[in-house]
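Participant: What follows is a predicted protein model with its sequence.
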Amino acid sequence: MLDYVPMSNDYPYAEKYGVNRALPEHGRDRGEVLDELRAMAKAEDATWESGRISGTMYCGDHEHYAFLNEAFGLYAHVNALQRDICPSQTRFEGEVIAMALDLFHSEAVDESTPVGLVTSGGTGSICHAVLAYRDHAAATRGTTRPNVIKPETAHPAFDKACHLFGVELRRAPVDPATTLVDLEWVSEHIDDQTVAVVGSACNYGYGTVDPIAELGEIAQARGIGLHVDGCLGGFILPFGQELGYDIPLFDFRVPGVTSISADTHKYGYAFKGSSTVLFRDKALRNAQYFFLTDWSGGKYCSPGMDGSRSGGLLAATWASLVSLGREGYRRYAEQIFATSSAMQEAVLTHPELRLLGKPTFLFSFTSDAFDVYHVNDFMRKRGWRFNGQQYPNALHMAVTRPQTQPGVVEGFAADLADAVAYAREQEAAGLSPHSGAIYGGVAGGMTDEADEFIKMVMADMMDRQQSVPPA
Ligand SMILES: *Cc1c(COP(=O)(O)O)cnc(C)c1O
């Protein structure tokens, strides 16, 4: 078993503010509560405002956030489940879906009616898609032991969805040089219980786009679905295409594509807690609807897995899309792609480093000369936070708007040069790096015996307040 020593900076507030172990008997002054919230937010925002943190803060623009907060505040108390009270939510949700469908060229579909859902995040969108494929295939083809095939590089949300819904997940290998899925393996592993295959546009690890057109041909020939995971790339790659970057088609213009997930809470620059999932055919989405018509509490139906939903999030998501428009998204994409290209060039100036596959706005690099986590160790000290990967060890940088600020690329290039020199020295001295791979970047020191360790880290994160000794 591995030792896990909690890092004190993971939970710095117990000493500063005390710990609420029970509902306070007397309410606190609102101004005081807000001051406390402001102080924590300000300190935490300072960590990413430098532009040195990969992904996570896609917009990073406090004016945009203030605008979204105003939109959110007008509807935050509204339950989007009760549409008779709030027809506004029907407008927001319908238009968010329509705008996303348009972005993914639903006009190319003439054999069916494209529709969508707004969900609570990328995982939610993927779960709804897997559920839709499972139930649609059961109803139309009588599948009883459904399976889904994903490239190994596709997001763990597919594993989670399959785990939750009793669907077998088959992981297709990828070509180590291109990071793209092995099409032959996919073809060979489709059987009469396969309900869908998956391709990413782009994947989280490498920022590369799977051969969607080829996957579409396979899916069509075998009469199964193809889900394109555009959770990360959905709201930026279409603009990269318009700007002339070499990005293959991945949307509804590809005949076999039957659903697409695209996160408004990433490059849609909306608040966390919103995403879209689009279906080529209304019948597919409708297959996952849930009804309970004989409940004593009344007839119950909900369009997705959530019950009550925040009207604020729908309003803010809608506000983000319509306030930026195509022109706004294109402008941000232009800055992000240019920044990513410049950072990739900085990586390529070092013969010890190489990029994995053909990346886009997100790139990942490794080293054959030393363990690239030495680079990570050094860059961390300079305030950089990359996402660590394994098989092979690699570091990934998802370029977002905070990196497009003046000076960030130059800082990256200078620090990387020092980091490479440091890594060479460490390797020559036979030393091992301190950091390791974990999605979300919680802690280092991962090995294959990681299950216990991971559980410990998660439990510690959730239980920290209770485990702090009373003051
Ligand atoms: C973020 C992401 C997801 C999952 O989205 P969440 O919003 O974190 O639930 C799925 N696929 C890809 C490629 C992603 O980057």
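Facilitator: Looks like it came in fine. Numbers count the residues shown, from 1 in each chain.
Participant: List the buried residues for stretch 56-74?
Facilitator: Buried residues in stretch 56-74, counted by 16 or more other Cβ atoms under 10 Å: 56, 57, 58, 59, 60, 64, 65, 68, 69, 71, 72. C-beta coordinates here come from the backbone N, C-alpha and C atoms, glycine included.
Participant: Show me how the chain divides into domains.
Facilitator: 88-320, 326-445 (automatic domain parsing).
Participant: Go through these and find the least confident stretch.
Facilitator: Among the domains of the chain, domain 326-445 carries the lowest mean pLDDT, a mean of 93.
Participant: That one near the ligand at all?
Facilitator: No: Domain 326-445 is not in contact with the ligand by Cβ under 6 Å from any ligand atom; minimum separation 8.0 Å.
Participant: Could you look over the domains of the chain and pick the most buried one?
Facilitator: Among these, domain 88-320 has the highest mean neighbour count (mean count of other Cβ atoms under 10 Å), at a mean of 21.
Participant: Helix, strand or coil: sort out the closest residue to residue 189 other than its chain neighbours for me.
Facilitator: Leaving out its chain neighbours, the residue that sits closest to residue 189 by Cβ to Cβ, 6 or more residues apart in numbering is residue 170, at 5.3 Å. With DSSP: H, G, I helix; E, B strand; the rest coil as the basis, residue 170 sits in strand.
Participant: how much space between residue 205 and residue 387?
Facilitator: As judged by Cβ to Cβ, to the nearest Å, residue 205 and residue 387 stand 8 Å apart.
Participant: So the residue of the stretch 101-250 of the chain found nearest the ligand versus residue 213, what's the distance?
Facilitator: Residue of the stretch 101-250 of the chain nearest the ligand, by Cβ to the nearest ligand atom: residue 122 (2.0 Å). In this view, residue 122 and residue 213 are 23 Å apart by Cβ to Cβ.
Participant: these two touch, right, residue 168 and residue 144?
Facilitator: No: the criterion here is Cβ atoms under 8 Å, and residue 168 misses it with residue 144 at 11.5 Å.
Participant: which residues do those two both contact?
Facilitator: The contact sets of residue 168 and residue 144 overlap at residue 193 (Cβ atoms under 8 Å, 6 or more residues apart in numbering).
Participant: quick one: the helices in the stretch 301-450 of the chain?
Facilitator: In the stretch 301-450 of the chain, the segments counted as helices under DSSP state H, counting those that start in this stretch are 311-348, 373-381, 408-428, 450-467.
Participant: And the first one, what does it pack against?
Facilitator: By that I understand helix 311-348. helix 62-75, helix 87-103, helix 237-242, strand 353-355, strand 362-367, helix 408-428 (3 or more Cβ pairs under 8 Å, 6 or more residues apart in numbering; DSSP states H and E).
Participant: Would you mind listing what in the stretch 1-150 of the chain touches the ligand?
Facilitator: Within the stretch 1-150 of the chain, the positions lying close to the ligand (Cβ under 6 Å from any ligand atom) are 121, 122, 123.
Participant: if I look at residue 62, how far off is residue 45?
Facilitator: From residue 62 across to residue 45, the span is 8 Å (Cβ to Cβ).
Participant: actually residue 317, not the one I wrote
Facilitator: The gap separating residue 317 from residue 45 is 21 Å, by Cβ to Cβ.
Participant: ditto for residue 343
Facilitator: Distance, residue 343 to residue 45, by Cβ to Cβ: 23 Å.
Participant: now residue 178
Facilitator: In this structure, residue 178 lies at 38 Å from residue 45, with Cβ to Cβ as the measure.
Participant: One more: residue 210?
Facilitator: Residue 210 is 35 Å from residue 45, by Cβ to Cβ.
Participant: Residue 89 too?
Facilitator: Distance, residue 89 to residue 45, using Cβ to Cβ: 30 Å.
Participant: follow-up on the earlier one: please name whichever of the helices and strands packed on helix 311-348 is nearest to residue 373.
Facilitator: The minimum distance between residue 373 and the helices and strands packed on helix 311-348 falls on helix 408-428, with 8.6 Å, by Cβ to Cβ.
Participant: And that closest one, how far out from the chain middle?
Facilitator: Centroid separation between helix 408-428 and its chain, computed with Cα atoms, centre = their mean, to the nearest Å, is 28 Å.
Participant: That helix to helix 311-348, inter-axis angle?
Facilitator: 60 degrees (axes from the mean of the first three to the mean of the last three Cα atoms, to 10 degrees).
Participant: Can you name every helix or strand that helix 408-428 contacts?
Facilitator: Helix 408-428 packs on helix 311-348, helix 373-381, going by 3+ Cβ pairs under 8 Å, 6+ apart.
Participant: Show me what it is in contact with.
Facilitator: 50-52, 339, 342-343, 346-347, 349-350, 352-353, 367, 369-372, 374-375, 377-379, 382, 384, 402-403, 433.
Participant: Also stretch 116-126?
Facilitator: Contacts to stretch 116-126, defined as Cβ under 8 Å, 6+ apart, come from residues 93, 96-97, 100-101, 127-128, 155, 157-158, 160-161, 227, 229, 231-232, 261-266, 272-279, 285, 303-306, 309, 314, 317.
Participant: Please repeat the previous calculation with a cut-off of 7 Å.
Facilitator: Stretch 116-126 is touched from outside by 93, 96-97, 100-101, 128, 155, 157-158, 160-161, 229, 231, 261, 263, 265, 273-279, 285, 303-306, 314, 317, with contacts defined as Cβ atoms under 7 Å, 6 or more residues apart in numbering.
Participant: Taking the stretch 251-400 of the chain, what residue is nearest to the ligand?
Facilitator: Here the stretch 251-400 of the chain gets closest to the ligand at one residue, residue 263, 5.3 Å apart by Cβ to the nearest ligand atom.
Participant: residue contacts, that residue?
Facilitator: By Cβ under 7 Å, 6+ apart, the neighbours of residue 263 are 121, 122, 231, 232, 234, 275.
Participant: wait, the third one sits on residue 261?
Facilitator: Yes: shown here, residue 231 and residue 261 form a contact pair, counting by Cβ atoms under 7 Å, at 5.0 Å.
Participant: Tell me which stretches of the stretch 51-200 of the chain form helices.
Facilitator: Along the stretch 51-200 of the chain, counting by DSSP H, counting those that start in this stretch, helices occupy 62-75, 87-103, 122-141, 156-165, 183-188.
Participant: thinking again about what came up before, need the overlap of contacts for residue 205 and residue 387.
Facilitator: By Cβ under 7 Å, 6+ apart, residue 205 and residue 387 have these common neighbours: residue 396.
Participant: then stretch 261-281 to PDB, C-alphas only?
Facilitator: Only the C-alpha atoms of stretch 261-281 are listed here, as PDB (Å, rounded to 0.1, in the frame of the first residue of the first chain):
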ATOM      1  CA  SER A 261     -21.500  15.600 -27.000                       C
ATOM      2  CA  ALA A 262     -20.200  19.200 -26.700                       C
ATOM      3  CA  ASP A 263     -19.600  21.000 -23.400                       C
ATOM      4  CA  THR A 264     -20.800  24.500 -23.100                       C
ATOM      5  CA  HIS A 265     -19.000  24.700 -19.800                       C
ATOM      6  CA  LYS A 266     -15.600  24.300 -21.600                       C
ATOM      7  CA  TYR A 267     -15.000  26.300 -24.800                       C
ATOM      8  CA  GLY A 268     -18.600  27.500 -24.800                       C
ATOM      9  CA  TYR A 269     -17.400  29.700 -22.000                       C
ATOM     10  CA  ALA A 270     -20.500  29.100 -19.900                       C
ATOM     11  CA  PHE A 271     -20.600  28.200 -16.200                       C
ATOM     12  CA  LYS A 272     -19.600  24.800 -14.900                       C
ATOM     13  CA  GLY A 273     -22.600  22.500 -14.900                       C
ATOM     14  CA  SER A 274     -23.700  22.700 -18.500                       C
ATOM     15  CA  SER A 275     -23.200  20.600 -21.700                       C
ATOM     16  CA  THR A 276     -25.100  19.500 -24.700                       C
ATOM     17  CA  VAL A 277     -25.700  16.200 -26.300                       C
ATOM     18  CA  LEU A 278     -27.100  16.200 -29.900                       C
ATOM     19  CA  PHE A 279     -28.700  13.300 -31.700                       C
ATOM     20  CA  ARG A 280     -29.100  12.800 -35.400                       C
ATOM     21  CA  ASP A 281     -32.400  11.100 -34.900                       C
END
